[in-house]
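Asks: Make a model of this:
(one chain, ligands or ions: 2)
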Amino acid sequence: MKNKKKHIAILGSTGSIGTQALEVISEQSNFFEIEVLTANSNSNLLIQQAIEHKPNTVVIADEEKFQEVNDSLCPHNIKVYAGADALAQVVEMDTIDMVLTALVGYAGLRPTINAIKSKKNIALANKETLVVAGALITNLAKEFGVNILPVDSEHSALFQCLVGEVYNPIEKIYLTASGGPFRGMNREQLANVTRAQALKHPNWDMGAKITIDSASLMNKGLEVIEAKWLFGLAPEQIDVIVHPQSIIHSVVQFNDGSMKAQMGLPDMKLPIQYALAYPQRLNASFPRFNFMDYPNLTFEKPDTHTFQNLALAYDSMRKGGNSPCVLNAANEVVVDAFLKEKIGFLEMSDVVATCIEKATFVANPSYEDYVGSDLESRQIANDLIK
Ligand code: NAD
Ligand code: MG
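Replies: Ligands and ions are numbered 1, 2, ... in the order given. Purely as a prediction, here's the structure:
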């Protein structure tokens, strides 16, 4: 069968998800073509990727790198733009079929909104966008008839379990969590953990921000909120279970008590490919799971007394309005400060908690309110860290 190739824009092509997406696309070149690549400031890698994958256009967010990228790609007839505005606008190109949002943090919000308004389907890795503005994004997706296909492994798992279950209500879901490198530690031990220890994730090799979020359980907190919006769930329908082997990627429980789980080796290429190719499953050479390598799959309750971020995320989800936006902004500031060794591991959740307490509450935020809340929360967090 001859397919029309899907034309893909990758926002954040130089990151962990971005580079793995390019590997998937190279292996599946009968199905996909690269239309746009973007990066924050890694001009060398962006240039190299563009020469190899021949996109129509690239965007570098860091404007100081424009000249260098343009000089390198002009001979290849690749258009080059720079800056956050260009990044937000490039997704509107008619030739794009799907946008993979693989950039990190709040910076994903504006381009995702524009992509939805331009009726591009979204393969969503950038969970922060749904955490910040889940109501706005899901309403826009409905209005413009756009699919949001999860790339996050847990949400891809849930999405795969829900295929064919359109009319069957979900009773609850279990998001699995590896527990990160500090699973089993108490607060005393956590007080002295270092940046280098936090950056060593047992099962996944990811960008720095999500790796710290995984160590602090904020990643699972963000994923709880992401799941609420993707699957239209109430807070009490979302549970987290620690599963250190990361083989079961998440579980749906239906109203007859039946549970469906999706499992496989921890490898982001599978959920990336599933989102890009949906509803098809493409033949792939990913390593296969062997039961004998994992005779024991184990499960534990998450320790929310020690890892307070997970409790904070649930609280902000229940509070609603701009509260998750405030949580996210404060978290971006503290993770950056922790990575720069300006604050300790436990201080991260202390600062986030204070930001949620102090920031102005907005019950039904508009886009402008999210922008304001993000700024306000960053200011409060930065003042606390100084
Ligand atoms: P990363 O840090 O490895 O890469 C981030 C990419 O975004 C880079 O290409 C960078 O140039 C670009 N970028 C960063 N800041 C930017 C900005 N302000 N403006 C424009 N571009 C910017 O991150 P990652 O690990 O690939 O994660 C990307 C997203 O995917 C995050 O939201 C993360 O939570 C999510 N995610 C990642 C994984 C994983 O395995 N890495 C798994 C699930 C979800
Ligand atoms: Mg995940």
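
Asks: if I look at Gly145, how far off is ligand 2?
Replies: For Gly145, the distance to ligand 2 equals 27 Å [Cβ to the ion, to the nearest Å]. From N, CA and C alone the C-beta is placed, and that goes for glycine too.

Asks: With Gly108 instead?
Replies: 15 Å.

Asks: Pull the number of nearby residues for that residue.
Replies: Here the number of neighbours of Gly108 (other Cβ atoms under 10 Å) works out to 24.

Asks: again with Asn40
Replies: 18.

Asks: For it, give me its contacts.
Replies: Asn40 is in contact with Gly12, Thr14, Ile60, Ala61, Asp62, Leu103, Ala107, counting by Cβ atoms under 8 Å, 6 or more residues apart in numbering.

Asks: for Thr112, same thing?
Replies: Going by Cβ under 8 Å, 6+ apart, Thr112 touches Val99, Thr101, Ile122, Leu124, Asn126, Thr129, Ile137.

Asks: Just those: which are in helices?
Replies: Thr129, Ile137 (DSSP state H).

Asks: Intersect the contacts of Thr112 with the contacts of ligand 1.
Replies: Asn126 (Cβ under 6 Å from any ligand atom).

Asks: distance of the residue of the stretch 201-350 of the chain found nearest ligand 2 from ligand 1?
Replies: Nearest residue of the stretch 201-350 of the chain to ligand 2 (Cβ to the ion) works out as Glu223 at 5.5 Å. Shown here: Glu223 relative to ligand 1, a distance of 9 Å by Cβ to the nearest ligand atom, to the nearest Å.

Asks: I'd say that residue and Thr176 touch.
Replies: No: using Cβ atoms under 8 Å, Glu223 is not in contact with Thr176, being 9.9 Å away.

Asks: which one of the two has more residues nearby?
Replies: Of the pair Glu223 and Thr176, Glu223 is the one with more neighbours under other Cβ under 10 Å, namely 29 against 26.

Asks: so how far is the host helix or strand of that one from its chain's centroid?
Replies: Using DSSP states H and E, Glu223 falls within helix 218-231. Its chain's C-alpha centre and that of helix 218-231 lie 10 Å apart, by Cα atoms, centre = their mean, to the nearest Å.

Asks: Go through the helix or strand following it and flag the buried ones.
Replies: Later in the chain than helix 218-231, the nearest helix or strand by DSSP H and E is strand 238-242. Residues of strand 238-242 classed as buried by neighbour count (16 or more other Cβ atoms under 10 Å): Ile238, Val240, Val242.

Asks: Name the strands paired with the next helix or strand after strand 238-242 and say parallel or antiparallel.
Replies: The helix or strand immediately downstream of strand 238-242 is strand 248-254, counting by DSSP H and E. Strand pairing for strand 248-254, using DSSP bridges, gives strand 170-177 (antiparallel), strand 259-263 (antiparallel).

Asks: which of those is buried the deepest?
Replies: Greatest average neighbour count among the strands paired with strand 248-254 goes to strand 170-177 (a mean of 21), per mean count of other Cβ atoms under 10 Å.

Asks: ok so Ile343 is a helix residue?
Replies: No: per DSSP: H, G, I helix; E, B strand; the rest coil, Ile343 lies outside any helix segment and is coil.

Asks: Just list the residues touching it, thanks.
Replies: Listed by Cβ under 8 Å, 6+ apart, the contact set of Ile343 reads Val334, Ala337, Val351, Ile385.

Asks: Please identify which pair of the residues you listed lies farthest apart.
Replies: Farthest pair in those (Cβ to Cβ) is Ala337 and Val351. Separation: 8.1 Å.

Asks: pLDDT at the residue of the stretch 51-200 of the chain found nearest ligand 2, what is it?
Replies: Per Cβ to the ion, Asp152 is where the stretch 51-200 of the chain lies closest to ligand 2, at 4.2 Å. Note on Asp152: pLDDT of 98.

Asks: Asn192 too?
Replies: 94.

Asks: State whether it is indeed within a strand.
Replies: No: read with three-state DSSP, Asn192 is coil and lies in no strand.

Asks: on that earlier part again, give me the buried subset of the contacts of Asn40.
Replies: Buried by 16+ other Cβ under 10 Å: Gly12, Thr14, Ile60, Ala61, Leu103, Ala107, out of those.

Asks: closest to Ala21 among the residues you listed?
Replies: For those, the nearest to Ala21 is Gly12 (9.1 Å; Cβ to Cβ).

Asks: Distance check, that closest one against ligand 1.
Replies: 3 Å.

Asks: For that residue, which non-adjacent residue is spatially closest?
Replies: Leaving out its chain neighbours, the residue that sits closest to Gly12 by Cβ to Cβ, 6 or more residues apart in numbering is Leu103, at 3.4 Å.

Asks: Find residues that contact each of Glu223 and Thr176.
Replies: Residues touching both Glu223 and Thr176 (Cβ under 8 Å, 6+ apart) are Glu154.

Asks: looking at it, Val193 is touching Met348, isn't it?
Replies: No: counting by Cβ under 8 Å, Val193 sits too far from Met348 to count as a contact (11.1 Å).

Asks: Which one's more surrounded, those two?
Replies: Using other Cβ under 10 Å, the more surrounded residue of Val193 and Met348 is Met348, with 27 against 18.

Asks: Do me a favour and average the pLDDT over the helix or strand where the more buried one lies.
Replies: Using DSSP H and E, Met348 sits within helix 345-358. When pLDDT is averaged along helix 345-358, the result is 98.
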